[in-house]
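Novice: dropping a prediction and its sequence here:
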Amino acid sequence: ELKVEQNPLFLSMQEGKNYTIYCNYSTTSDRLYWYRQDPGKSLESLFVLLSNGAVKQEGRLMASLDTKARLSTLHITAAVHDLSATYFCAVVLYNNNDMRFGAGTRLTVKP
Amino acid sequence: KAGVTQTPRYLIKTRGQQVTLSCSPISGHRSVSWYQQTPGQGLQFLFEYFSETQRNKGNFPGRFSGRQFSNSRSEMNVSTLELGDSALYLCASSLHRANTGELFFGEGSRLTVL
């Protein structure tokens, strides 16, 4: 059964600092997604990672995928308050249509 | 380009009633998938419809059902509502099958069961 674990679940950081959110999954997968959700809002797609070694960057966020380690990271560089949100990773089971979401990481960036 | 539209946005029902939620995907998108989001269970996949056919189903009881119309609009129905069905129900559309590309989510329908 595909299990997706995110850590940390809660992250409070100062503006200007760097930090990494981790997403581990339990079985073979060939694609991984990162989403952002603001309070009371829907999910916004951030990155789609399709292959081993894939790295994508958008502004202060960079996502990477290591399919051999079954690990994806979302790195935050020089955090700003606007990045405060909940971040979800979602994994699609290889050769299947099953998509599982992590529990989410609630990020708070303090001035 | 219009996004994914879900109606109603908020609704309150009582136990035992049934509810129908609607989702209009982005124009041209053929896949609609539904998710339930609760504080305790997080985001859970309900089902996916593609070309009017249910392609995949999550681990939910038969009280949860759905359908897709020829214009790709989708509805989900929950019968005999229980308190635990209180949740944010999100639908997402994609151009192709949900597991092959980017998903675009609607604002959600927040259901409260009293």
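Specialist: Nice, thanks for sending it over.
Novice: got the CA coordinates for stretch A:69-79 in PDB?
Specialist: C-alpha atoms of stretch A:69-79 as PDB (Å, rounded to 0.1, in the frame of the first residue of the first chain):
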ATOM      1  CA  ALA A  69      15.400   6.900  -2.200                       C
ATOM      2  CA  ARG A  70      11.700   7.400  -2.600                       C
ATOM      3  CA  LEU A  71      12.200  11.000  -1.400                       C
ATOM      4  CA  SER A  72      11.300  14.400  -2.600                       C
ATOM      5  CA  THR A  73      12.300  17.700  -1.000                       C
ATOM      6  CA  LEU A  74      10.900  21.200  -1.100                       C
ATOM      7  CA  HIS A  75      13.600  23.700  -0.200                       C
ATOM      8  CA  ILE A  76      12.800  27.200   0.900                       C
ATOM      9  CA  THR A  77      15.400  29.800   0.400                       C
ATOM     10  CA  ALA A  78      15.400  33.100   2.300                       C
ATOM     11  CA  ALA A  79      11.800  32.700   3.400                       C
END
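Novice: report the distance from it to the chain centre.
Specialist: In this view, stretch A:69-79 has its centroid 7 Å away from the chain centroid, taken as Cα atoms, centre = their mean, to the nearest Å.
Novice: residues in contact with it?
Specialist: A:13-29, A:32, A:34, A:46-47, A:49, A:60-66, A:83, A:87, A:89, A:107, A:109 (Cβ atoms under 8 Å, 6 or more residues apart in numbering or on different chains). All C-beta spots, glycine's among them, are computed from the backbone N, C-alpha and C.
Novice: which members of those residues occur in strands, if any?
Specialist: A:13-14, A:19-25, A:29, A:32, A:34, A:46-47, A:49, A:61-66, A:87, A:89, A:107, A:109 (DSSP state E).
Novice: show me what the lowest-mean-pLDDT helix or strand in chain B is packed up against.
Specialist: Least confident helix or strand, chain B: strand B:53-57 with a mean of 88, by mean pLDDT, DSSP states H and E. The contact analysis (3 or more Cβ pairs under 8 Å, 6 or more residues apart in numbering or on different chains; DSSP states H and E) places strand B:53-57 against strand B:42-50, strand B:64-68.
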